[in-house]
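1. Give me a model of this one.
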Amino acid sequence: MKREDGTRNVEWTPFHAIGHDIKVAIDNGAPMGAVILTYAAIDAMAFLSMPEIKKEVTREDYIGWTEKYLKADQGQPYQYVGIDVYGARCGLFHRYSGTSNLSDKGRCRVFAYHDGSEHIYRPRISDKLVLISMRRFVNDFFGAMKTFLSEAITDRDLRSKMSKRMGDILHVSSV
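-> The predicted structure is shown next:
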């Protein structure tokens, strides 16, 4: 349904589906699947919020969304850095690895994953390696998505961008 300004009303169903799929992966013993889905979901969020003149999400859009929204609890020893998260995404998507082209060149930290509750980062031992709690990463993303969607309710420009792109977000329908 289109609004007077020519945009569609933002429908929240895809966001529920994204969250549901991530949660199902975790609950069914596929935590790395949940992590991969989370990186893909960040791509989708960056797509929805990128400048209107753009057609494809870029590294800069992904990093920008991550820097703005993805936050670790203040008590965590590692606070997300956009290029680190992007490099980790590339490592998993392109190599199914903790390393990526960016980490090979020393441009980002390497993420390794564990099933504990806290991120582990000890720069005195190695400032290039972060042990990421898979559950915490997923929960931090859920918090980021909540903040992003809350902002979309009050920010007319963001809501407009999202509205115009929601039709491009994957919808699964019953047949």
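
2. list the contacts for the residue nearest in space to the middle of the chain?
-> For the chain, the residue nearest the mean C-alpha position is Ile42 (2.4 Å; Cα atoms, centre = their mean). Residues near Ile42 by Cβ atoms under 8 Å, 6 or more residues apart in numbering: Tyr62, Trp65, Thr66, Leu70, Val85, Arg89, Phe141, Ala144. All C-beta atoms are positioned from the backbone trio N, CA, C, and that covers glycine.

3. Strands of the chain, start to end?
-> Ranges of strands within the chain are 110-114, 129-133, based on DSSP state E.

4. Low-confidence ranges, this structure, go.
-> Scanning the chain with the threshold set as pLDDT under 70 gives 1-13, 170-175.

5. try 50 this time
-> 1-3, 5-10 (pLDDT under 50).

6. biggest helix in it by residues?
-> helix 134-154 (DSSP state H).

7. can you give me the offset of it from its chain's centre?
-> Put simply, helix 134-154 sits 9 Å off its chain's centre (Cα atoms, centre = their mean, to the nearest Å).

8. Take the contacts of Ile42 and keep only those in helices.
-> Using DSSP H, the contacts of Ile42 in helices are Tyr62, Trp65, Thr66, Val85, Arg89, Phe141, Ala144.

9. can you list those residues in a markdown table and add distance to Asp104 and neighbour count?
-> Listed next are these as a markdown table, based on distance: Cβ to Cβ, whole Å; neighbours: other Cβ atoms under 10 Å:
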| residue | distance to Asp104 | neighbour count |
| --- | --- | --- |
| Tyr62 | 19 | 23 |
| Trp65 | 24 | 24 |
| Thr66 | 20 | 23 |
| Val85 | 17 | 25 |
| Arg89 | 15 | 23 |
| Phe141 | 25 | 26 |
| Ala144 | 27 | 21 |
